[in-house]
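Undergrad: could you look at this predicted model? Sequence included:
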Amino acid sequence: MIFIMNKSLEEENYDLALNVAYKVAPYLHAKLTESKLEVMNIKQPEEMSDEELQIFIGASKGYSPS
C-alpha cells in the first residue's frame, strides 16, 4: 500500500495517494490513548509552614520524612 501511495504521489495523483495514506495510517502510526491528568494546587514557598517546606524539599529529592 505504501508503494501505491508513493507511486501515486510521483504521478501527481493526489486523491489516490491521500486515500491510501488514510487507510494505511492505522498500521504505521500508534493510536493515542486517553490519559488522565491530575493537577494539584501547590502553595508558594512563602505560604508554607516550616514543616510543609521540609516535606516539600524531601519529596523533591525523593526522600520522605519518617
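TA: Yep, it's here. Numbers count the residues shown, from 1 in each chain.
Undergrad: please count neighbours and contacts with C-alpha atoms only from this point.
TA: Fine.
Undergrad: low-confidence ranges, the chain, go.
TA: 60-66 (pLDDT under 70).
Undergrad: please repeat the previous calculation with a cut-off of 90.
TA: Residue ranges of the chain with pLDDT under 90: 1-2, 26-46, 48, 52-66.
Undergrad: quick one, helices of it?
TA: Assigned by DSSP state H, the helices in the chain fall at 2-10, 14-28, 50-60.
Undergrad: right, and those helices - which one's nearest E34?
TA: helix 14-28 (16.6 Å; CA to CA).
Undergrad: rewinding a little: for L37, find the nearest of the helices of the chain.
TA: Nearest to L37 among the helices of the chain is helix 50-60 (19.3 Å), distances taken as CA to CA.
Undergrad: in JSON lines, list the helices of the chain along with mean neighbour count and distance to V39.
TA: Output for the helices of the chain, formatted as JSON lines (neighbours: other CA atoms under 10 Å; distance: least, CA to CA, whole Å):
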{"stretch": "helix 2-10", "mean neighbour count": "14", "distance to V39": "42"}
{"stretch": "helix 14-28", "mean neighbour count": "13", "distance to V39": "32"}
{"stretch": "helix 50-60", "mean neighbour count": "13", "distance to V39": "16"}
